[in-house]
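Participant: could you work out the structure for the sequence below:
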Amino acid sequence: MKSWDVAVMGEIYTDHVFSGFQHWPAPGEEVHAEHYLRELGGGAVNTACGLARLQRRVRLIGLIGEADRAWFETRLEGLGVSAEGLRSHPANTGVTVSVSTPQDRSFYTYLGANRHLTELLDETVVHAELIAARHVHFAMPLAADLARRLLPVLREAGCTTSLDVGFSPDWLRDPANHETCRAVDYFFPNQAEARLLSGDDGVEAFQQWATSMAIRHAVIKLGASGAVAVEHRGLLRVAPPHVDAVDMTGAGDAFDAGFIDGLLNGESAEECLRRACICGASCTTRIGALDGLPDSFSLRSIYEQTYGT
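Facilitator: Numbering: from 1, shown residues only. Coordinates of the predicted model:
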């Protein structure tokens, strides 16, 4: 028996979300936000909370500054996630400023304690925590040498794995990391990240790249256009539900949670994509990445309205 359904390891931030702008500011121009939110953030937190909302047992592992520990513990508890897997570090918690419109968003990031994630992930005690999960999701640019050592250990322990490196151009451009994309069970780039890998905007170009690299399972997140899975027999496309989006922050991380939830249920690729699109779309209906995450009842209700029973 595994202790956790999913162990989520990755970058953790304090998010400062500014939204409701009429237009993007030109250089030197000041614009005023309609809304502001301070919230827990980072792909690891967002995906872990998305899975917890879907009644999954989640272990969240990462680094935060000691001064923020009480806030993280209280907020995570309210979201159904334990903070026991978080390690305090002398460095400050990472910080991300998100400037968001309903159509898109930009981020300004300070890595902080996240700079030491690779060191943490190399610890034996962390390996034991990961092995105790059915599925391990990495929300971080996983170092190639560490991936070579760790991923076979997880596979031998019966863990499936997934990877979302976020927008990490240097990591994506480095051929040494393509082996990591091939070694994980599921790879989750968005369209901009897929372009960096294939050199082209089209999903067909990414399909060619993924096939040539022998990627096991790749899914491209396309925002309001839904998602595409690269399958052996071709491309599998799924459209998202219609929602009134107000903030794109965390939508891709929520997508990951929905997809992983489907995997744990043993669902088909199409079913996993549908769940993922619902979670990603629902996330955009509230400011910040966490308040719009759907629970199991909401997911089922939106599913029936969008795709039928």
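
Participant: just checking, what packs against the host helix or strand of Phe255?
Facilitator: Element membership of Phe255, judged by DSSP states H and E, is helix 251-264. Packing partners of helix 251-264 (3 or more CB pairs under 8 Å, 6 or more residues apart in numbering; DSSP states H and E): strand 4-10, helix 43-53, strand 133-139, strand 160-163, strand 218-221, helix 269-283. C-beta: built from backbone N, CA, C; applies to glycine.

Participant: quick one, that helix and strand 4-10 angle?
Facilitator: 150 degrees (axes from the mean of the first three to the mean of the last three CA atoms, to 10 degrees).

Participant: where in the stretch 1-150 of the chain is pLDDT low?
Facilitator: Where the stretch 1-150 of the chain drops to pLDDT under 70, the residues are 101-105.

Participant: can you give me the helices in it?
Facilitator: 43-53, 69-78, 117-121, 124-131, 144-156 (DSSP state H, counting those that start in this stretch).

Participant: then the shortest one to PDB, C-alphas only?
Facilitator: Think helix 117-121. Below are the C-alpha coordinates for helix 117-121, written out as PDB (Å, rounded to 0.1, in the frame of the first residue of the first chain):
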ATOM      1  CA  LEU A 117      15.600  22.300  -4.700                       C
ATOM      2  CA  THR A 118      18.000  20.000  -6.500                       C
ATOM      3  CA  GLU A 119      20.000  19.600  -3.300                       C
ATOM      4  CA  LEU A 120      16.800  18.700  -1.400                       C
ATOM      5  CA  LEU A 121      15.700  16.300  -4.100                       C
END
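
Participant: list the buried ones in that helix?
Facilitator: By neighbour count with 16 or more other CB atoms under 10 Å, helix 117-121 contains the buried residues 117, 120-121.

Participant: using TSV, lay out the residues you listed together with distance to Ser98.
Facilitator: Formatted as TSV, the buried residues of helix 117-121 follow (distance: CB to CB, whole Å):
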residue	distance to Ser98
Leu117	21
Leu120	25
Leu121	25
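
Participant: hmm, back to that, nearest to His242, of the helices of the stretch 1-150 of the chain?
Facilitator: With CB to CB, the closest approach to His242 among the helices of the stretch 1-150 of the chain belongs to helix 43-53: 20.2 Å.

Participant: burial measure for Asp201, as a count.
Facilitator: For Asp201, the count of nearby residues is 12 (other CB atoms under 10 Å).

Participant: just the one 3 residues further on next, same as before
Facilitator: Counted with other CB under 10 Å, residues neighbouring Glu204 total 14.

Participant: so which strand or helix has it?
Facilitator: With DSSP H and E as criterion, Glu204 is part of helix 203-212.

Participant: so which elements touch that helix?
Facilitator: helix 191-198, strand 218-221, strand 227-231, strand 234-238.

Participant: can you pull the contacts of Asp174?
Facilitator: Ala144 (CB atoms under 8 Å, 6 or more residues apart in numbering).

Participant: okay, Met9 and Leu51: tell me how far apart.
Facilitator: Distance, Met9 to Leu51, using CB to CB, to the nearest Å: 13 Å.

Participant: so those two - more neighbours on which side?
Facilitator: Using other CB under 10 Å, the more surrounded residue of Met9 and Leu51 is Leu51, with 30 against 25.

Participant: re the thing from before, go through the helices of the stretch 1-150 of the chain and pick out the most buried.
Facilitator: Highest mean neighbour count of the helices of the stretch 1-150 of the chain: helix 43-53, a mean of 29 (counted as mean count of other CB atoms under 10 Å).

Participant: and for Leu264, the neighbour number?
Facilitator: Neighbour number of Leu264 under other CB under 10 Å is 17.

Participant: if we ignore the residues flanking it in sequence, what's nearest it?
Facilitator: Asp5 (5.8 Å; CB to CB, 6 or more residues apart in numbering).

Participant: the residue most central in space within the chain: what's it in contact with?
Facilitator: Most central in the chain under CA atoms, centre = their mean is Asp253, positioned 3.0 Å from the mean C-alpha point. Applying CB under 8 Å, 6+ apart to Asp253 gives the contacts 43, 46-47, 50, 139, 164, 283, 289.
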